[in-house]
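**Student:** structure, please.
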Amino acid sequence: MGKLYNSLLSGSSGRTGRIVVANVYGNEISRIRPKKRSGQPTAKQMLVRNRMKRCAGFMQSYKAYACKYYGTRNGMKSAYNMAMTNLMENFQMDFDKGTITPDYPQLAFSRGSLMAAVPQSLNLAGETLEITWQDNSGGIPERTTDQAQILVAAEEELLTFFAENAASRADGAYSLNLPVNFRGRTLHVWIAFRTADGKMSSNSQYAGTAS
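**Tutor:** Residues are numbered from 1 along each chain as shown. This next block holds a predicted model:
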């Protein structure tokens, strides 16, 4: 993909032959349209495609949140692009074994400058997951009302469940009633905070596993 400067095609979009020109957030880019594939994909190509599908499925529950609260746009890289990059980098492929293994502690669903969460404990009892964190607001009113955003992933199925605005920072705990397809599985949990007015978010923190 190339970026055009002072192009005769400035302000236009479309394609000529295999050259595609598009205006993306004020940046005019050109790229070669890929050829249609012929024949069956290789095992490596299938593994790469499968990783993309798994990453997209993993993000499905919190996609709308990530589009707003995964950092800020950097050139042509949107918050969504950056959130997906994090997943792609940490869904590790083993081409020899043909496997894809998520590095759960490195996965993130939120990026921002707000004070981050300090996870404390996870307790899974039947249909309920109890999540606790430190009230690190320091008594500052604006911080006590920050809202907890909680992401839960089921290890075997790579399913995720997103609890948005679950509780306040000052609450220090939240009891999540698990969906049926999350029960009886090993769960991975992350926590982030967002201000009550929705203007700022924190980095998400990996809280650990519960089973």
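**Student:** the most centrally placed residue in the chain and Ile191: what is the separation?
**Tutor:** The structure's the chain has its C-alpha centroid closest to Phe109; by Cα atoms, centre = their mean the separation is 3.7 Å. Distance, Phe109 to Ile191, by Cβ to Cβ, to the nearest Å: 10 Å. The way it works is simple: take the backbone N, C-alpha and C, and place the C-beta from them, glycine included.
**Student:** identify the contacts common to the two.
**Tutor:** Gln149, Leu151, Ser204 (Cβ atoms under 8 Å, 6 or more residues apart in numbering).
**Student:** tell me the domain ranges of the chain?
**Tutor:** Structurally, the chain divides into domains by automatic domain parsing as follows: 2-32, 43-210.
**Student:** first-to-last residue distance for stretch 60-75?
**Tutor:** 24 Å (Cα to Cα, to the nearest Å).
**Student:** all strands of this protein, in order?
**Tutor:** Shown for the chain, the strands assigned by DSSP state E span residues 2-3, 14-16, 19-24, 27-32, 91-94, 99-102, 119-125, 128-133, 147-154, 159-163, 173-177, 187-194, 205-210.
**Student:** among those, which is nearest Ser113?
**Tutor:** Closest approach to Ser113 among these (Cβ to Cβ): strand 187-194, 11.2 Å.
**Student:** packing partners for the closest one?
**Tutor:** strand 119-125, strand 128-133, strand 147-154, strand 205-210 (3 or more Cβ pairs under 8 Å, 6 or more residues apart in numbering; DSSP states H and E).
**Student:** ok and the second one relative to strand 173-177, angle-wise?
**Tutor:** Regarding strand 128-133 and strand 173-177, their directions subtend 160 degrees when assessed with axes from the mean of the first three to the mean of the last three Cα atoms, to 10 degrees.
**Student:** strand 128-133: partners in the sheet, and parallel or antiparallel?
**Tutor:** strand 119-125 (antiparallel), strand 173-177 (antiparallel) (DSSP bridges).
**Student:** kindly reformat those as a markdown table containing mean neighbour count and mean pLDDT.
**Tutor:** Converted to a markdown table, the strands paired with strand 128-133 look like this (neighbours: other Cβ atoms under 10 Å; pLDDT from 0 to 100):
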| stretch | mean neighbour count | mean pLDDT |
| --- | --- | --- |
| strand 119-125 | 15 | 96 |
| strand 173-177 | 15 | 97 |
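**Student:** so which of the domains of the chain is the most surrounded?
**Tutor:** Among the domains of the chain, the stretch with the highest mean neighbour count (mean count of other Cβ atoms under 10 Å) is domain 43-210, at a mean of 17.
**Student:** who does Ser175 bridge with?
**Tutor:** The partner residues for Ser175, given DSSP bridges, come to Glu130.
**Student:** and the angle for the longest helix seen in the chain with strand 159-163?
**Tutor:** In the chain, assigned by DSSP state H, the helix with the most residues is helix 43-59. Angle of helix 43-59 versus strand 159-163, following the same axes, to 10 degrees, is 20 degrees.
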